[in-house]
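> Give me the fold of what follows.
(2 chains)
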Amino acid sequence: MELLQEIFSLYAQRSDWFLELLASHMALALSAIAMSGTLGLLLGVLISELPRLAPPVMGVCNVLYTVPAISLLGILIPFTGIGDKTAVIALTIYGVMPMVRNTYVGLTSLDPDILEAARGMGSTRVQLLLRVKLPMAAGVILAGLRNTVVMTISVAGIASFVGAGGLGVAIYRGITIYNPAMTAAGSVLIALLAFLCDLALGALERYFKKRGSP
Amino acid sequence: MAEPIIRFEGVSKSFGEQVVLRDLSLDVAPGEFLTIIGRSGCGKTTALRLVNGLLSPDAGRVLVQGKDVAQTDPVALRRGIGYAIQSVGLFPHLTVEKNIAYVPSISGLEGWKGKERREKAEALLRRVGLEPELAGRYPRSLSGGQRQRVGIARALAAGPEILLMDEPFGAVDEITRGQLQDELLCLHQASGITVLFVTHDIGEALKLGTRTLVLEAGEVQQYAPPSEILSGPATPFVEELVCRSRQFQARA
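As a prediction, the model looks like this:
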């Protein structure tokens, strides 16, 4: 209880600082999500249209996904230096995997009869993709995005180890000056942010899954 | 016979080792209602898919309106041919109205926007015996028979001269099937559209067809009007097929 009190008094005393960290955390996560989301979607579409490319692309994504986030940050420092840029690159690499996987699975597990009907009625390849396949796979793709978003928000907490901003700054400072309340205060905000995004995207996902199922 | 709208010229098709069609030659006159009957795997669906270029023949040619399917742009060809399959394949993410308007929409046809689209979709729904109010519903809220009807409305939307139907009534109950058959007959008589209709039900084939093609193991057993098939079966296979149907009729 004492810790909880300390956390709230910290929020009250240093609200400006925490708001600033929250904003930079969201900016960091959002830029990474925008990039990994786009990249993942495009790669997923590519490998579903050209199945020959699927095993190598999925393989590379899987390997990158298994590299611990903190070592990925460390590996990138010699190439991209320290700061927000390195953090965004690492978070993007990390977030691509769920997007690629879900886009690929979503696009390749559609009802073949519906695709046969769409082809038989004279859809071009692009029309088939944009008007039939992607809308029908939207629920599964959104599930991947949700995964990416939650993971990126939480992993962005360690971005401060390479000098980036965000709520990780509070966590890291709390550790170095031995102030557990400050570490907890940063963590709680990250968890809350991730939780709210998860709820919102979950609702969206259910809507699209219902819409895309017969 | 008038200039055939569909012509098969010595068409053969195999999948791997299995020969599905063997040297099939066939003329279909405009306005004909051709029913194609045979056992599963006899090549009837393959014959249908050769017409809209979903498959291409190993040997021979398929001509639609005098043009070799292999030489035509498959997208343009398919947009001019209605296509209805057993599983219907309605798009779950689109309303009935948008499902019906799919071919006009992908073809960029004029007059299929907003209010006009609604009116045309409702008119098509009436033509296939459905309430126009269904236009705003999603396919998942329709019954099996309603889906089949929407599938036919969708196949008719762009005003095709040819309609390909692959066991379209296979998945509905007996009573609904009878109704759908009667409605399709009226539709055919009213529009003069050429229909190729695949079925494994001899009763259905004889009831609907102006001509019936009996296929067995990729070869034509008989190609004649239903009355001729009933009165003079050309091979033992056809004999057996219609015998069963006569027995069935006698009992009823």
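> Of all the residues in chain B, which one is nearest chain A?
residue B:89 (2.9 Å; CB to the nearest CB). All C-beta spots, glycine's among them, are computed from the backbone N, C-alpha and C.
> and that residue, that one's in a helix?
No - per DSSP: H, G, I helix; E, B strand; the rest coil, residue B:89 lies outside any helix segment and is coil.
> show me the contacts for it.
A:111, A:113, A:114, A:115, A:116, A:117, A:118, B:151 (CB atoms under 8 Å, 6 or more residues apart in numbering or on different chains).
> Can you pick out the most distant pair from those residues?
Spanning the widest gap among those are A:115 and B:151, at 14.9 Å by CB to CB.
> Spatially nearest residue to the residue of chain B closest to chain A, not counting backbone neighbours?
residue A:117 (2.9 Å; CB to CB, 6 or more residues apart in numbering or on different chains).
> Residue B:83 is in contact with that neighbour, correct?
Yes - using CB atoms under 8 Å, residue A:117 makes contact with residue B:83 at a distance of 6.8 Å.
> More neighbours: these two, which one.
Using other CB atoms under 10 Å in any protein chain shown as the criterion, residue A:117 and residue B:83 rank with residue B:83 on top: 29 against 25.
> tell me the SS of that one?
Assigned with three-state DSSP, residue B:83 falls in the strand class.
> thinking again about what came up before, just checking, which of the contacts of residue B:89 belong to helices?
Of the positions in those, A:113, A:114, A:115, A:116, A:117, A:118, B:151 sit in helices, assigned by DSSP state H.
> So residue B:197 belongs to a helix, correct?
No - counting by three-state DSSP, residue B:197 is not part of a helix but strand.
> check contacts around it.
B:33, B:34, B:35, B:36, B:165, B:168, B:205, B:208, B:209.
> Please tabulate those in TSV, including the columns distance to chain A and neighbour count.
As requested, the contacts of residue B:197 are arranged in TSV below (distance: CB to the nearest CB, whole Å; neighbours: other CB atoms under 10 Å in any protein chain shown):
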residue	distance to chain A	neighbour count
B:33	20	20
B:34	18	22
B:35	19	26
B:36	16	26
B:165	11	24
B:168	11	26
B:205	22	25
B:208	21	23
B:209	22	22
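> the helices in chain B, which residues?
Counting by DSSP H, chain B has helices at residues B:44-51, B:74-79, B:96-100, B:102-107, B:114-127, B:144-156, B:174-191, B:202-208, B:226-231, B:236-251.
> Out of these, which is closest to residue A:50?
Closest of these to residue A:50 is helix B:74-79, at 20.1 Å (criterion: CB to CB).
> List the buried residues in that closest one.
By neighbour count with 16 or more other CB atoms under 10 Å in any protein chain shown, helix B:74-79 contains the buried residues B:74, B:75, B:77, B:78, B:79.
> swap in stretch B:37-48?
B:37, B:38, B:42, B:43, B:44, B:45, B:46, B:47, B:48.
> Stretch A:120-134 too?
Going by neighbour count (16+ other CB under 10 Å), the buried part of stretch A:120-134 is A:120, A:121, A:122, A:123, A:127, A:128, A:129, A:131, A:132, A:133, A:134.
> for stretch A:129-148, same thing?
A:129, A:131-148.
> roughly how far apart are residue B:141 and residue B:96?
In this view, residue B:141 and residue B:96 are 9 Å apart by CB to CB, to the nearest Å.
> Who has more neighbours out of the two?
residue B:96 (29 against 9).
> Using TSV, lay out the contacts of residue B:197 together with distance to residue B:129 and pLDDT.
Shown next, in TSV, are the contacts of residue B:197 (distance: CB to CB, whole Å; pLDDT from 0 to 100):
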residue	distance to residue B:129	pLDDT
B:33	18	94
B:34	23	95
B:35	21	94
B:36	24	94
B:165	16	94
B:168	14	88
B:205	22	90
B:208	16	92
B:209	21	92
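> Chain neighbours aside, what residue packs nearest to the spatially most central residue of chain A?
Closest residue to the average C-alpha location of chain A: residue A:148 at 2.5 Å, with CA atoms, centre = their mean. Excluding its sequence neighbours, the residue lying closest to residue A:148 (CB to CB, 6+ apart) is residue A:95, at 4.2 Å.
> Tell me how far that neighbour lies from residue A:42.
Taken as CB to CB, the span from residue A:95 to residue A:42 is 14 Å.
> again with residue B:44
For residue B:44, the distance to residue A:42 - CB to CB - is 41 Å.
> Likewise for residue B:146?
Distance from residue B:146 to residue A:42, by CB to CB: 39 Å.
> The spatially closest residue to residue A:201 that is not a sequence neighbour: what's it in contact with?
Distances taken as CB to CB, 6+ apart put residue A:146 closest to residue A:201, at 4.0 Å, once the chain neighbours are dropped. For residue A:146, the contacting residues are A:197, A:198, A:201, A:202, A:205, by CB under 8 Å, 6+ apart.
> For residue A:75, give me its contacts.
residue A:67.
> rewinding a little: pretty sure the residue nearest to residue A:201 sits in a helix.
Yes - counting by three-state DSSP, residue A:146 is part of a helix.
> Mind pulling up the pLDDT for the closest residue to residue B:112 other than its chain neighbours?
With CB to CB, 6+ apart as the criterion, residue B:112 has its nearest non-adjacent residue at 4.1 Å, and that residue is residue B:104. pLDDT for residue B:104: 94.
> got it, and the one 5 residues further on?
According to the prediction, residue B:109 has pLDDT 87.
> Might one say that it is in contact with residue B:158?
Yes - applying CB under 8 Å, one finds residue B:109 in contact with residue B:158, separated by 6.7 Å.
> between these two, which one's more packed in?
residue B:158 (21 against 15).
> Report the contact partners of the more buried one.
Here residue B:158 is in contact with B:79, B:80, B:82, B:103, B:104, B:107, B:109 (CB under 8 Å, 6+ apart).
> Buried subset of those, written for ChimeraX?
With 16+ other CB under 10 Å as the burial test, the buried ones among the contacts of residue B:158 are selected in ChimeraX as follows:
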select /B:79,80,82,103,104,107
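> For the residue nearest to residue A:108 when sequence neighbours are not counted, what is the enclosing helix or strand?
Of all residues not flanking residue A:108 in the chain, residue A:48 sits nearest, at 5.2 Å (CB to CB, 6+ apart). Element membership of residue A:48 [criterion: DSSP states H and E] is helix A:15-49.
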